[in-house]
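Student: return atomic coordinates for the entry below.
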Amino acid sequence: MKNKPVRILVEMAFIIFLFYSNLLMGEFERSGMGPRRGLVWALGDIFSARNFLIAVVSAFIGHMVFDFFRRKF
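Tutor: Predicted coordinates:
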């Protein structure tokens, strides 16, 4: 049972990683300004307080869903 906080932290970190990688890929698609302004600008654009809050809330919800399915099956 003492590994449960570590599992929660790892699952949430992975979901946050996927969230930010998706945002970064979006900056370099046709709709983003990444190709014109560069990687440093794109990183500065996606790492904001609002995006971090969205990432943490989404990660928590994702963890709860995974935990529900883990207990159910």
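
Student: look up how far Leu43 lies from Phe28.
Tutor: 11 Å (C-beta to C-beta, to the nearest Å). Heads up, the C-betas are built off the backbone N, CA and C, glycines and all.

Student: oh sorry, the question was meant for Val6
Tutor: Distance from Val6 to Leu43, counting by C-beta to C-beta: 28 Å.

Student: the more surrounded of those two?
Tutor: Relative neighbour count places Leu43 above the other of Val6 and Leu43, with 14 against 9, counting by other C-beta atoms under 10 Å.

Student: residues in contact with the helix or strand harbouring the more buried one?
Tutor: Secondary-structure assignment from DSSP states H and E places Leu43 in helix 39-46. Contacts with helix 39-46, where a contact means C-beta atoms under 8 Å, 6 or more residues apart in numbering, come from 20, 23-24, 27-28, 32-34.

Student: go again using 7 Å as the cut-off
Tutor: Under the contact criterion C-beta atoms under 7 Å, 6 or more residues apart in numbering, helix 39-46 has outside partners 20, 23-24, 27-28, 34.

Student: now those as JSON lines including neighbour count and pLDDT?
Tutor: As requested, the contacts of helix 39-46 are exported to JSON lines (neighbours: other C-beta atoms under 10 Å; pLDDT from 0 to 100):
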{"residue": "Tyr20", "neighbour count": "16", "pLDDT": "97"}
{"residue": "Leu23", "neighbour count": "19", "pLDDT": "94"}
{"residue": "Leu24", "neighbour count": "17", "pLDDT": "94"}
{"residue": "Glu27", "neighbour count": "18", "pLDDT": "92"}
{"residue": "Phe28", "neighbour count": "13", "pLDDT": "92"}
{"residue": "Gly34", "neighbour count": "19", "pLDDT": "91"}
